[in-house]
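Participant: Got a predicted structure here, sequence first:
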Amino acid sequence: MMKRFKVWTYKEGEPPLVHSGPMSSIYGIEGHFMDEIESRTSPFLAQGPNEAHVFMLPVSVAYIVHFLYRPLVSYARDPLMRIVTDYTHLVARKYPYWNRTLGADHFIVSCHDWAPDISKEKLGKELYKNLIRVLCNANISEGFRPNKDVSLPEINIQGSILNSPTPTHHLRNRSILAFFAGGAHGSIRETLLRHWKDKDDQVQVHEYLPKGIDYYALMGRAKFCLCPSGYEVASPRLVEAINAGCVPVIVSDYYELPFSDVLDWSKFSIHIPSEKIPEIKRILQGVSEKRYLTLLKRVVKVQRHFQVNRPAKPFDVFHMILHSIWLRRLNIRLTS
């Protein structure tokens, strides 16, 4: 893939709504990916559209929402999504590439919760039925199609500090069975907090940590890190847990996990459906030490696949995203 796969980015439009995106926060992966692919030094950048295997619509849903959403005027999302539709119509009229596959070799990347709306909006439903959507909000129950779409890991990038693995604590220093701290965002977290908030020394669940307590230090002391869905299915805690060398416990329903084409998540994480939240302690105590150590070893092994490197490095998160797109491109036949 590294030697052959080429991406063309349409040049139309100006920042900030296109060719730009957030470089920090939980939406930061969106801006970094766009910037990385459009970099002149990227080995994946096509020199012209005729040598491209896929085409990126360089539109930032996060920035469209940030710069144009005015809830005091209107709560409607449709006008925002029409910006993406208008951009697509522009390039479809100007170039032959969209029309020859009806968008099947095109993709858009977004970590914003509202990004799936571009294929729900009245004007875009038919237009985007073939588009490869690379989304953090990879909710199967809301129209995410794993055979066509790509699940994007949600990574909380803080300013210029990119994420990287932290040294893994020895098992003897992991005195906490399970840990979570976060707001009551969504029904799954509400249920988690209702059952476990500040009630158990081994399953340490907090809504807010006391002042002076280090969140990442607690992750480093936990055997398992709870990664419940928030308002949407994805959570940055998944990558935080992996970087901390803490076995992720995915408390989620309908979430298509990132890179599932090549990563078997059952080998390095635990999945607990939301209906079994009251049983978390029993389930995790039932994991033998031998299995836990195997899970932990594999967590450390997959850390490199979730690293954000600039420039990108082989097997890091950018290469994994592109590999996922490449797999979905393989079966597309072009028409003249």
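Facilitator: Thanks, I have it.
Participant: just the strands in this structure please.
Facilitator: With DSSP state E as the definition, the chain shows strands at residue ranges 7-9, 54-56, 106-110, 132-135, 150-151, 176-181, 203-206, 222-228, 247-251, 270-272.
Participant: Contacts made by the fourth one with the rest, please.
Facilitator: Just to be clear, that refers to strand 132-135. Residues outside strand 132-135 that contact it (CB atoms under 8 Å, 6 or more residues apart in numbering) are 54, 104-111, 115-116, 118-119, 144, 148-152, 321, 324-325, 328-329. Yep, even glycine has a C-beta here, placed from its N, CA and C like the rest.
Participant: cool, and the last one?
Facilitator: By CB under 8 Å, 6+ apart, the surrounding residues in contact with strand 270-272 are 224, 247-252, 265, 279-280, 283-284, 287, 295.
Participant: 7 Å instead?
Facilitator: Strand 270-272 is contacted by residues 224, 247, 249-251, 280, 283 when judged by CB atoms under 7 Å, 6 or more residues apart in numbering.
Participant: chain center to that strand: distance?
Facilitator: 18 Å (CA atoms, centre = their mean, to the nearest Å).
Participant: next one: the second one
Facilitator: Centre-to-centre, strand 54-56 and its host chain are 19 Å apart (CA atoms, centre = their mean).
Participant: tell me the mean pLDDT for that strand?
Facilitator: When pLDDT is averaged along strand 54-56, the result is 98.
Participant: can you map out the helices along the stretch 51-200 of the chain?
Facilitator: With DSSP state H, counting those that start in this stretch as the criterion, the stretch 51-200 of the chain has helices at 61-68, 78-94, 97-101, 187-196.
Participant: Now render those as CSV, adding mean neighbour count.
Facilitator: Below are those laid out as CSV (neighbours: other CB atoms under 10 Å):
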stretch, mean neighbour count
helix 61-68, 19
helix 78-94, 17
helix 97-101, 17
helix 187-196, 18
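Participant: Can you tell me which of these is nearest to residue 229?
Facilitator: Checking these against residue 229 by CB to CB gives helix 187-196 as the closest, at 4.8 Å.
Participant: Outside of the closest one itself, list whatever touches it.
Facilitator: Contacts to helix 187-196, defined as CB under 7 Å, 6+ apart, come from residues 180, 182, 184, 203, 205, 207, 228-230, 251-252, 274, 277-278, 280.
Participant: The residue nearest to the spatial centre of the chain and residue 197: what is the separation?
Facilitator: Nearest to the geometric centre of the chain sits residue 153, at 2.3 Å (CA atoms, centre = their mean). Distance, residue 153 to residue 197, using CB to CB, to the nearest Å: 27 Å.
Participant: repeat for residue 238
Facilitator: Going from residue 238 to residue 197 by CB to CB gives 21 Å.
Participant: Please apply the same query to residue 113.
Facilitator: 25 Å.
Participant: okay, the two: which has more neighbours?
Facilitator: Neighbour count, other CB atoms under 10 Å: between residue 113 and residue 197, residue 113 has more, with 22 against 15.
Participant: Identify the residues contacting residue 9.
Facilitator: Going by CB under 7 Å, 6+ apart, residue 9 touches 37-38, 56, 58.
Participant: between those residues, which is nearest residue 82?
Facilitator: residue 58 (17.2 Å).
Participant: Neighbours of the closest one, how many?
Facilitator: 23.
Participant: Assess the claim that it and residue 10 are in contact.
Facilitator: Yes. Assessed by CB atoms under 7 Å, residue 58 is found in contact with residue 10 at 6.5 Å.
Participant: tell me the domain boundaries of the chain?
Facilitator: 7-158+311-329, 171-306 (automatic domain parsing).
Participant: Export these as TSV, with columns for distance to residue 1.
Facilitator: Shown next, in TSV, are these (distance: least, CB to CB, whole Å):
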stretch	distance to residue 1
domain 7-158+311-329	5
domain 171-306	12
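Participant: To residue 164, which of the ones you listed lies closest?
Facilitator: Nearest to residue 164 among these is domain 171-306 (6.8 Å), distances taken as CB to CB.
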